[in-house]
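Asker: could you look at this predicted model? Sequence included:
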Amino acid sequence: MHTPVVSRGNGLMLVVLVALVIVLAGCSTAQTPAAAPVAAVPVPAQGTELGARGPEQALVSTEWLAANLDNPQVRVIEVSVVPGLYERGHIPGAVNFVWHTDFVDTVNRDIVAPDRFEQLARTAGINQDTTVVLYGDNSNWFAAWGAWIFLQYGANDVRLLDGSRAKWEAEGRELSVTVPSVAAGDFTVAHRESLRARLPDVLAVVEGTTTASLIDIRSADEFSGKIFAPEGFQELAIRAGHIPGAINIPWKQALNEDGTFKSVDELQSLYAGLGIDGSQPIITYCRIGERASHTWFVLSQILGYEVAVYDGSWTEWGNTIGVPIANPSGTVWGAQ
Amino acid sequence: MTELPSTRADRQPFQRLARTTGVRLGLAVALLIGLTSTAYWLHATPGRGATAALSLLLGASLGFVFQRGRFCYFCILRDWIEFRNTGPVYAILAALAAGSIGYTLVFGIFLPNPFSGRLPPEAHIGPVSWVLAAGGLAFGLGMALSGACVSGHLYRLGEGSTRAPVALLGVLAGFGLGFLSWNQLYLATIADAPVIWLPARLGYGGALFLQLVLLGGIAFLLLRNVPELPPRPAQRFDLAGVWAVLFHQRWPALVTGALVGLLGTVAYMRIEPLGVTSQLGSLARTGMDQVGLLPTTLFGLDRLAGCATQVVQTITANGLLISGLVLGSLTAALLANRFQPDRLTMRGAGSALVGGILQGWGAMVALGCTVGTLLSGISAFAVSGWLFGLTMLAGVWLGIRSSLHRLV
């Protein structure tokens, strides 16, 4: 007996189905990249003292990474903001770290606790001497923030993919949907507290008891107090403006048009032109603490200056009772 | 030899037919070329790329399959409820089964461990509450009143339906009402409603097994109302036979369903779960925002998984998908000579509008419709998908029993 709901057109439907799949498969972003020579990974510094910093120790190019995907010494980590991005295709072998659950404590307002971070790093196959290469969307914002946490917790060789995920994709390089299965690593947390500044540290700078340069990396309108939050973002602080004495250098100025970092010479003159030459400690901040890591990365890892991130940032400062602010625009929260 | 007068008389209508056939086919080919070249152009446009191109092509494929298989949830359920013919229901069951298998494969990549406490990215797994049930019920009633669901109206647009645009306007208005009622409903229920994802309890294998058994059980129960097909003449697989199978006969239910399930899987794998209300809802949200009618905050809405709406000024990937759906259906309708604009009556317009409003409200509070919440939800093993499906069915049943569908 015939199953009445199936007709004999089935064979033909299969042809249609196959044709459909072929058309859909044609829409692929993946292309095979040209091979680049395998470069040796320099021996990282040991202990909690970071070794010499510079672009060679801080950045890898897409070519270098493509040639080192199978290098057991290298572990690639994606930290992107857009959900589903990693899952739908990532750099082959890359492990996914979710910024809002893996890198933070979801209860206390703090970065991830050391024991949980150690566990995550070990699960990702990271050893004490692993070269950790981070990349992500949005010009590496959250990858840079991940690098800051990795270095705070004692990793020695942490780099960013120059040009971020966007450059890898634009060059038509290989993407994979396979989640790598890696042997657990032996990473052990050590602490580098000096990379982080807290509210009292910043207050001491403002009150003149310690000396440091404060860099506000937000937009000029946020800095001046014209607006409380950029378009599309919630207002999180009830005061607008900036920390007294801070200078405004939006984070994006450190990048070329194609999203890669500017050269050391260009970066040095960019920041020196605004009085930042590495002669004194620097503290960077932004709105919620993440983008400040981008400028922190540029100044500390590429230029080798002494820099800390104030991750409480404007959300903490602009809401704290009794701390002074500068608000050239004179906006008053709640006023009509 | 004298020519028979009848032959001569027959020739003129035939020539006219040939001319209109030529126009139809020409238009269909032009549409196909237009769709593929637009996809090619989108692919090369910075800021658009593969996602946009693929959305358009997936939408067009979906429209084509919907039209050729007449994958209209309301017509299928009406055949069952009113005419006791369950044959077409197998298209929905096949789509859900194929989608579940496809999603299991994709989940294996996206979230290898279902017990990790996380949910797979973007999958339409929504909160389960009485609001969802009310949304499903309203949506089902709206389907009966307007003669189709949102996806049905979209593909009917390609067949020249004049009620479809009226119903879709109603959907926009219904979304507006949904936004206005959202905050109260969210605070009263949705905020605390459980989000139940079967694999988190049963694993992927267990969840797939459970759903296939459920779908198989339903398929078994419905077998007795499958009518006997009339005997069909032998058909040759020459060009004419192939043409007839592809473009004249309705595609068989199981094939149509399997293709819908496959397209749903491909969409989730490459772009986002299938859904057809995201751009419509965004249009309503943006419009209300511009005239100052939108609540300043929609509590929790943008954190929930489902057909997301946003205030946008551009055509989203979902907008390309539904544009493709309409054009793909139009292409299929032209090829099949099914492009037949009908006359709109006042009563038909009124019932389509009210049905659309009910559907819009239902789709807003349920975070999707028969595609986004039912198909993409059940494929993703969401209990919310099942609840929406059941209450939508109840709404359609009530609507048909009260003869709402006859208000044309």
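Answerer: In hand now; what should we look at? Worth saying up front: this structure is predicted, and the values here are computed from it rather than measured.
Asker: surely A:Ser194 meets A:Ala308?
Answerer: Yes - with contact defined as C-beta atoms under 8 Å, A:Ser194 reaches A:Ala308; the gap is 6.4 Å. Quick note: C-beta positions are derived from backbone N, CA and C, even for glycine.
Asker: burial measure for B:Leu223, as a count.
Answerer: B:Leu223: 13 surrounding residues under other C-beta atoms under 10 Å in any protein chain shown.
Asker: which ones are touching it?
Answerer: Going by C-beta atoms under 8 Å, 6 or more residues apart in numbering or on different chains, B:Leu223 touches B:Thr86.
Asker: returning to that earlier point: more crowded one of A:Ser194 and A:Ala308?
Answerer: A:Ala308 (24 against 13).
Asker: that one belongs to a strand, doesn't it?
Answerer: Yes - under DSSP: H, G, I helix; E, B strand; the rest coil, A:Ala308 sits within a strand.
Asker: skipping adjacent residues, who's closest to it in space?
Answerer: Excluding the flanking residues, the one nearest A:Ala308 by C-beta to C-beta, 6 or more residues apart in numbering or on different chains is A:Ala197, at 4.1 Å.
Asker: shaky segments in the stretch 51-200 of chain A?
Answerer: For the stretch 51-200 of chain A, the stretches flagged by pLDDT under 70 are A:51-52.
Asker: how about the residues of it near chain B?
Answerer: With C-beta under 8 Å from any C-beta of the partner chain as the criterion, the stretch 51-200 of chain A comes near chain B at residues A:Pro83, A:Gly84, A:Glu87, A:Arg88, A:Thr101, A:Val177, A:Thr178, A:Val179.
Asker: pLDDT weak spots in chain B?
Answerer: Applying pLDDT under 70 to chain B flags the ranges B:1-19.
Asker: three-state assignment of the residue lying closest to A:Gln128 once chain neighbours are set aside?
Answerer: Closest residue in space to A:Gln128, ignoring its immediate chain neighbours: A:Phe187 at 6.1 Å, by C-beta to C-beta, 6+ apart. Assigned with three-state DSSP, A:Phe187 falls in the coil class.
Asker: need the contact list for A:Phe187.
Answerer: A:Glu118, A:Ala121, A:Arg122, A:Ile126, A:Asn127, A:Gln128, A:Thr130, A:Ala155.
Asker: now with 7 Å, please.
Answerer: Going by C-beta atoms under 7 Å, 6 or more residues apart in numbering or on different chains, A:Phe187 touches A:Glu118, A:Ala121, A:Arg122, A:Ile126, A:Asn127, A:Gln128.
Asker: most neighbours among those, which one?
Answerer: A:Ala121 (28 neighbours).
Asker: before we move on, back to that, give me the buried entries from the residues of the stretch 51-200 of chain A next to chain B.
Answerer: Buried by 16 or more other C-beta atoms under 10 Å in any protein chain shown: A:Gly84, A:Glu87, A:Arg88, A:Val179, out of these.
Asker: check which helix or strand the residue sitting nearest the centre point of chain B maps to.
Answerer: The geometric centre of chain B, computed from its C-alpha atoms, lies nearest to B:Ser151 (C-alpha atoms, centre = their mean), at 3.4 Å. Taking DSSP states H and E as the criterion, B:Ser151 maps to helix B:150-157.
Asker: quick one on the thing from earlier: JSON lines please, covering the contacts of A:Phe187 and showing secondary structure.
Answerer: Formatted as JSON lines, the entries for these read as follows, by three-state DSSP:
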{"residue": "A:Glu118", "secondary structure": "helix"}
{"residue": "A:Ala121", "secondary structure": "helix"}
{"residue": "A:Arg122", "secondary structure": "helix"}
{"residue": "A:Ile126", "secondary structure": "coil"}
{"residue": "A:Asn127", "secondary structure": "coil"}
{"residue": "A:Gln128", "secondary structure": "coil"}
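Asker: from those, which is closest to chain B?
Answerer: Closest approach to chain B among the contacts of A:Phe187 (C-beta to the nearest C-beta): A:Arg122, at 16.3 Å.
Asker: isn't that closest one up against A:Ala183?
Answerer: No - A:Arg122 is not in contact with A:Ala183 according to C-beta atoms under 7 Å; the separation is 9.9 Å.
Asker: in the sheet, who's paired with the residue nearest to A:Ala308?
Answerer: A:Tyr310 (DSSP bridges).
Asker: quick one: residues contacting it.
Answerer: Contacts for A:Ala197 (C-beta under 7 Å, 6+ apart) come out as A:Ile283, A:Ala308, A:Val309, A:Tyr310.
Asker: in the residues of the stretch 51-200 of chain A next to chain B, find the pair that's most separated.
Answerer: A:Thr101 and A:Thr178 (22.0 Å; C-beta to C-beta).
Asker: so B:Thr162 sits right up against B:Asp342, yeah?
Answerer: Yes - at 5.6 Å, B:Thr162 counts as touching B:Asp342 under the criterion of C-beta under 7 Å.
Asker: and chain B, which of its residues are near chain A?
Answerer: When proximity is defined by C-beta under 7 Å from any C-beta of the partner chain, chain B lies next to chain A at B:43, B:49-50, B:53-54, B:57, B:61, B:87, B:90, B:109-110, B:112, B:121-122, B:226, B:228-229, B:242, B:245-246, B:249, B:251-255, B:259, B:266, B:270.
Asker: ok, the residue nearest to A:Gln128 to A:Val79 distance?
Answerer: According to C-beta to C-beta, to the nearest Å, A:Phe187 and A:Val79 sit 17 Å apart.
Asker: number of residues surrounding residue 322?
Answerer: No chain in the question, so chain A it is. Per other C-beta under 10 Å, the neighbour tally for A:Gly322 reads 5.
Asker: chain B, not that one
Answerer: 29.
Asker: list the contacts for it?
Answerer: B:Gly59, B:Leu154, B:Val276, B:Gln279.
Asker: tell me if I am right that it is in a helix.
Answerer: Yes - assessed by three-state DSSP, B:Ile322 belongs to a helix.
Asker: follow-up on the earlier one: quick one, phi psi at the residue nearest to A:Gln128?
Answerer: Main-chain torsions, A:Phe187, degrees, to the nearest 10: phi -60, psi 130.
Asker: ok, so what distance separates it from A:Trp145?
Answerer: On the measure of C-beta to C-beta, A:Phe187 and A:Trp145 end up 19 Å apart.
Asker: also B:His124?
Answerer: Here the criterion is C-beta to C-beta. By it, B:His124 lies 30 Å from A:Trp145.
Asker: any low-confidence regions in the stretch 201-336 of chain A?
Answerer: For the stretch 201-336 of chain A, the stretches flagged by pLDDT under 70 are A:336.
Asker: the strands in it, which residues?
Answerer: A:213-216, A:247-248, A:282-285, A:307-310 (DSSP state E, counting those that start in this stretch).
Asker: let's have those strands in TSV, adding distance to B:Phe381.
Answerer: What follows is the strands of the stretch 201-336 of chain A, written out as TSV (distance: least, C-beta to C-beta, whole Å):
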stretch	distance to B:Phe381
strand A:213-216	47
strand A:247-248	50
strand A:282-285	44
strand A:307-310	41
